[in-house]
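Enquirer: fold the following for me, if possible:
(one chain, ligands or ions: 1)
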Amino acid sequence: MSDYARAAATLISGAGSAIAFTGAGISTESGIPDFRGSQGLWKRFDPKMATRTFMLESPRVFWEFYAMRFEALARAKPNPGHKALARLEREGILEAVITQNIDGLHTEAGSRRVIELHGNIRTSRCDECSSTRPTEDCIREVMEWGKVPACDCGGMMRPAVVLFEEPVELFEAALRIAQESDLCIVVGSSLTVYPAAFIPEAVKSSGGRLIIINADPTPLDGVADLVIREGASDALTGALEALGIA
Ligand code: APR
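Expert: As a prediction, the model looks like this:
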């Protein structure tokens, strides 16, 4: 058992109300690329493709980009890192998972209180009236008929995810949970995108503790109580073992 696992277990068992804050790095072990890591999506594609402006200017190319992303996500299954967080919730140790991820893998792993700050790619909604349809159906229209999926109201269907330039509707709710927490376990995030990255900062500034599990350095490493430069699954399963939760 590593010293890191023991140190994480000490912080986790001493917490009164712990949350997890996750990013794309917890899902890379499920085969979903992250954005800014060594094989990140933004090293191969221009991030502007995930902006509202691009969606409105080039809806067909926008949809082809999301169809490609959905393909990778649709096959993905929860990995031991997702399952470890679900187990910590079942043990009454973790209050909630606040995630930036749109892959739905925390819920699929069994986590019940999950705040998907950036939405979920499996559902699409009309950009005008917000009626929803499965993204899979919308992608079929794009790939088989070359059409941008439209709503019966005439509005354009789009994945129910938060694009750059769009508001993060769930941020206030997530911030309230963070301000009531005394430990935030960050897993697999570069902590470079706001307002999401305010969440771990809010726990720290409310007097709480911060554990950062990330393969690369982050801007909050200097204020973290523990930085674990390990893979998400190894670090989380190690912490569970150290807590005596096999
Ligand atoms: N274990 C631990 N850390 C990992 C692993 C792993 N198996 N794989 C990748 N990482 C780390 C990378 O080193 C990187 O620092 O996870 C981090 C992921 O950072 P980003 O790719 O920036 O992802 P994220 O922080 O979730 O991005 C936030 O940016 O593009 C937007 O909307 C998108 O929600 C996303 C937001």
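
Enquirer: how about the secondary structure of residue 137?
Expert: Recorded secondary structure, residue 137: helix (DSSP: H, G, I helix; E, B strand; the rest coil).

Enquirer: separation between it and residue 214?
Expert: The gap separating residue 137 from residue 214 is 36 Å, by C-beta to C-beta, to the nearest Å. Any C-beta I mention is one placed from the backbone N, CA and C, and that applies to glycine too.

Enquirer: these two touch, right, residue 220 and residue 186?
Expert: Yes: look at residue 220 against residue 186 with C-beta atoms under 8 Å: they come within range, at 7.3 Å.

Enquirer: which residues does residue 40 contact?
Expert: Contacts for residue 40 were tallied using C-beta atoms under 8 Å, 6 or more residues apart in numbering; they are 33, 34.

Enquirer: repeat the analysis, applying 6 Å as the threshold.
Expert: Residues near residue 40 by C-beta atoms under 6 Å, 6 or more residues apart in numbering: residue 34.

Enquirer: what values do phi and psi take at residue 95?
Expert: phi -80, psi -40 (degrees, to the nearest 10).

Enquirer: enumerate every residue touching it.
Expert: Residues in contact with residue 95 (C-beta under 6 Å, 6+ apart) are 17, 19.

Enquirer: just the one 10 residues further on next, same as before
Expert: Contact analysis of residue 105 by C-beta under 6 Å, 6+ apart lists 27, 78, 82.

Enquirer: what about it, distance to residue 205?
Expert: 29 Å.

Enquirer: just residue 4 next, same as before
Expert: According to C-beta to C-beta, residue 4 stands 25 Å off from residue 205.
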